[in-house]
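Asker: here you go, sequence then predicted model.
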Amino acid sequence: MASVEDMTRLKMYQAAPEVYDAMMQLTRAAAKDVDPTIAELVKIRASQINRCAFCLDMHTADARTNGETDQRLALVAAWAEAGALFTERERAALELTEAITELDRGHVPDEVYEKAAAVFTEEELAKVIAMAVTINAWNRISVSTRVPVPRR
């Protein structure tokens, strides 16, 4: 039986280092001055929707390192039903992330955008959007190339 590592189809950083470097630069730019809790929640929610095990593993670990609780991590997928467990800003970011990630359902609804615009400055909103777009790109790279989840 092949090891998990053997299942990797392509190592993007080796095959297209300029693409990998550009993605890293976009990742850093999107994260600059963004609340790290919101940043990780955005990355986790998009990764759940996209079924990216590698990114889910990485970002739940990062969230825990930043002080996130197991309860909140377990409930990210059900954030809308979790009541006050998530702040208004976190809920707005999660809802916007879902709308950006699930574009097959249509455009980002005005009411979703307006909720986010009401709780974030223009710069913060731009960064949350960029963060959602960036993690979606990373998810698609990781899923299509079968980046393995490391054993801990």
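Answerer: On my side now, so go ahead.

Asker: please make it C-alpha for all contacts and neighbour counts, starting now.
Answerer: Fine.

Asker: what lies in contact with the helix ranked longest in the chain?
Answerer: Longest helix in the chain by number of residues (criterion: DSSP state H): helix 122-145. Here helix 122-145 makes contact (CA atoms under 8 Å, 6 or more residues apart in numbering) with 8-12, 23, 26-27, 30-34, 39, 42-43, 46-47, 50-52, 54-55, 93, 96-97, 100-101, 116-117.

Asker: and that helix, what's buried?
Answerer: By 16 or more other CA atoms under 10 Å, the buried positions in helix 122-145 come out as 124-125, 127-136, 138-143.

Asker: same check on stretch 41-49?
Answerer: Under 16+ other CA under 10 Å, the buried positions of stretch 41-49 are 41-48.

Asker: re the thing from before, C-alpha coordinates for the longest helix of the chain, CSV please?
Answerer: C-alpha atoms of helix 122-145 as CSV (Å, rounded to 0.1, in the frame of the first residue of the first chain):
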residue,chain,number,x,y,z
GLU,A,122,-13.3,49.2,4.1
GLU,A,123,-9.7,48.0,4.5
GLU,A,124,-10.8,45.2,6.8
LEU,A,125,-13.5,44.1,4.4
ALA,A,126,-11.1,44.1,1.5
LYS,A,127,-8.7,41.9,3.6
VAL,A,128,-11.4,39.5,4.6
ILE,A,129,-12.5,39.1,1.0
ALA,A,130,-8.8,38.7,-0.1
MET,A,131,-8.3,36.1,2.7
ALA,A,132,-11.4,34.1,1.6
VAL,A,133,-10.2,34.2,-2.1
THR,A,134,-6.7,33.2,-1.1
ILE,A,135,-7.7,30.2,1.0
ASN,A,136,-10.0,29.1,-1.7
ALA,A,137,-7.1,29.1,-4.1
TRP,A,138,-4.9,27.2,-1.6
ASN,A,139,-7.7,24.7,-1.1
ARG,A,140,-7.9,24.1,-4.8
ILE,A,141,-4.2,23.7,-5.1
SER,A,142,-4.0,21.3,-2.2
VAL,A,143,-7.0,19.2,-3.2
SER,A,144,-6.1,18.9,-6.9
THR,A,145,-2.5,18.0,-6.1
